[in-house]
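In: Build me a model from this:
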Amino acid sequence: MQRKSKSGLASVHTIERQRLIADIRKAEQEWNLAEWRFHHALGEDHVDYAIYCLEAAEKKLGMLLRQAKWQWSNPGPIQGGEVTG
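Out: The predicted structure follows:
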């Protein structure tokens, strides 16, 4: 019974990692779009909006990359606020 529980937690942990990878890829696409928008902006308002989008995309991507770095450096699933491994 104990083994099954650990296996289930490992499965959930793997799914969380896959979801994080997908989120990082999506954030990278959003950053690329924001960068394109910045380079093709016409007019002051468009430039301001493009800068806003680019900064937001950079922050989102940075946050997700820090989260991934933490997860990969702490390989065990999280239980009750503690990392096991």
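In: use CA for all of it now, contacts and neighbours both
Out: Fine.
In: Give the other helices and strands that the helix or strand residue 10 falls within contacts.
Out: Assigned by DSSP states H and E, residue 10 belongs to helix 2-39. Under the contact criterion of 3 or more CA pairs under 8 Å, 6 or more residues apart in numbering; DSSP states H and E, helix 2-39 touches helix 44-73.
In: Which elements pack onto the helix it packs on?
Out: With contacts defined as 3+ CA pairs under 8 Å, 6+ apart, the secondary structure elements packing on helix 44-73 are helix 2-39.
In: From the chain's centroid, how far away is the helix it packs on?
Out: 6 Å (CA atoms, centre = their mean, to the nearest Å).
In: Tell me which residues of it come out buried.
Out: Across helix 2-39, burial judged by 16 or more other CA atoms under 10 Å covers 9-10, 13, 20, 23-24, 27-28, 30-31, 33-35, 37-38.
In: and what of stretch 42-49?
Out: Buried-residue list, stretch 42-49, by 16+ other CA under 10 Å: residue 47.
In: what mean pLDDT does that stretch have?
Out: For stretch 42-49, mean pLDDT is 96.
In: Other residues contacting that stretch?
Out: For stretch 42-49, the external contacting residues (CA atoms under 8 Å, 6 or more residues apart in numbering) are 38, 41.
In: Alpha carbons only: can I get it in CSV?
Out: Output in CSV follows, covering the C-alpha atoms of stretch 42-49 (Å, rounded to 0.1, in the frame of the first residue of the first chain):
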residue,chain,number,x,y,z
LEU,A,42,4.1,52.1,-35.0
GLY,A,43,3.5,55.2,-33.0
GLU,A,44,4.2,56.1,-29.4
ASP,A,45,1.1,54.2,-27.9
HIS,A,46,2.0,51.0,-29.7
VAL,A,47,5.6,51.2,-28.5
ASP,A,48,4.4,51.8,-24.9
TYR,A,49,2.1,48.8,-25.2
